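1. how would this look folded up:
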Amino acid sequence: MGINLDKPHLWKKDVNQSVDLYNTWFMYFAPKAYRETRVSTAKSVEEAFKETNYLNSVSPALLQRHPEDLPVLIMSTCPPIARDRLVGLAGVTKSLVQNMEDKPALSKHIKKSDLSKERKWTRFPEKEIRCYNNSGITIGDYFEIKRGLATGDNSFFIMSKKKINDLGLDMSFFKPVLPSPRYLKTDLVESDDGGIPLIEPQCFLLDCKLTEQEIMEQSPTIWEYLHSGIEKTSQKYLCKNRKNGTGKSIGAQLIFCVPIWAEENITNLQFALFLICLKQ
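-> Residues are numbered from 1 along each chain as shown. Coordinates of the predicted model:
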């Protein structure tokens with residue numbers, strides 16, 4: 001039989017006593033980490049309620065000033081809004097919500113006008129506001145900018161000259177490429193008369209545009225090398241899913257490297273690397 005089940009006028013008192021009993025037990029017997037978290041959480045809830053005038057003054061401006069209030073506001077809804085649901089409703093990135101929920105180790109106040117110029121806000125707060133070029137001239141006015149090579153398996157398609165010679169492969173099937181920027185020790189890379197960069201390590205890309213039959217006839221060693229990659233390399237994601245001009249999967253063919261790097265031939269020009277320093 002329930003105690004005071006027929007005495008609703010005593011329920012409020014019973015509830016208050018029950019809450020007080022639990023709080024007393026928690027503060028004395030719960031693990032220290034839990035007790036400390038409870039105290040800090042209670043303090044953040046109290047501050048959020050004061051800043052929002054007890055949820056009567058919630059606005060974008062308030063969240064800009066106090067992003068740490070967001071977790072309290074989320075839990076104040078009924079039912080509480082899940083993070084992914086909030087991202088969808090607000091039309092913002094998940095990282096923005098995460099950064100607002102978690103108290104950042106670093107913080108910085110940035111003007112809305114400065115944020116509107118930035119495509120990505122992840123550079124803040126560690127970095128300063130960019131100083132933009134007001135001359136109207138961009139690097140695209142002087143160079144054609146393209147993405148880097150997407151081979152699907154660099155270890156198979158990009159190799160050193162020593163490896164090419166050791167395997168007895170035909171050098172005419174390779175073109176020189178620059179290594180990852182982390183290996184470059186200079187801002188300007190010179191080339192020899194053949195267009196090969198005068199750097200270490202020197203890397204070469206297997207660039208084959210011939211048909212399967214033509215490769216068999218012109219270079220049996222290249223044919224054998226490509227054959228050796230069918231079991232593993234052709235099954236890797238990019239090689240398997242990249243389509244050629246016929247709409248067939250490259251990974252399903254022997255010559256799965258053909259259309260991936262159909263770029264212009266490298267000429268005997270200097271390889272110039274320009275490091276654009278945006279002063280903070």
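
2. now the helix or strand where residue 225 lies: buried residues?
-> Assigning secondary structure by DSSP states H and E places residue 225 in helix 220-228. Going by neighbour count (16 or more other CB atoms under 10 Å), the buried part of helix 220-228 is 222-223, 225-226. Any C-beta I mention is one placed from the backbone N, CA and C, and that applies to glycine too.

3. contacts only, for residue 137.
-> Applying CB atoms under 8 Å, 6 or more residues apart in numbering to residue 137 gives no contacts.

4. do you know the pLDDT at it?
-> Note for residue 137: predicted pLDDT of 76.

5. repeat that for residue 242.
-> pLDDT for residue 242: 65.

6. strands of this structure, start to end?
-> With strands called from DSSP state E, the chain shows them at 158-160, 174-177, 188-189, 203-206, 271-272.

7. what lies in contact with the fourth one?
-> With contacts defined as CB under 8 Å, 6+ apart, strand 203-206 is touched by 149, 151, 156-161, 164, 169, 171, 173-179, 222, 225, 257, 261.

8. from the middle of its chain, how far away would it be?
-> A distance of 27 Å separates the centroid of the chain from that of strand 203-206, by CA atoms, centre = their mean, to the nearest Å.

9. need the strands of the chain in TSV (columns: mean pLDDT, mean neighbour count and distance to residue 117).
-> Below are these laid out as TSV (pLDDT from 0 to 100; neighbours: other CB atoms under 10 Å; distance: least, CB to CB, whole Å):
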stretch	mean pLDDT	mean neighbour count	distance to residue 117
strand 158-160	90	17	38
strand 174-177	88	18	35
strand 188-189	82	12	31
strand 203-206	89	20	37
strand 271-272	30	14	29
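
10. with respect to residue 20, which of the ones you listed lies nearest?
-> Ranking those by proximity to residue 20 (CB to CB) places strand 158-160 first, at 70.1 Å.

11. thinking again about what came up before, now do the helix holding residue 225, average pLDDT.
-> The average pLDDT within helix 220-228 is 88.

12. neighbours of the nearest residue to residue 151 once chain neighbours are set aside, just the number please.
-> Using CB to CB, 6 or more residues apart in numbering and skipping residues adjacent in sequence, the residue nearest residue 151 is residue 157, 4.2 Å away. Counted with other CB atoms under 10 Å, the neighbours of residue 157 add up to 24.
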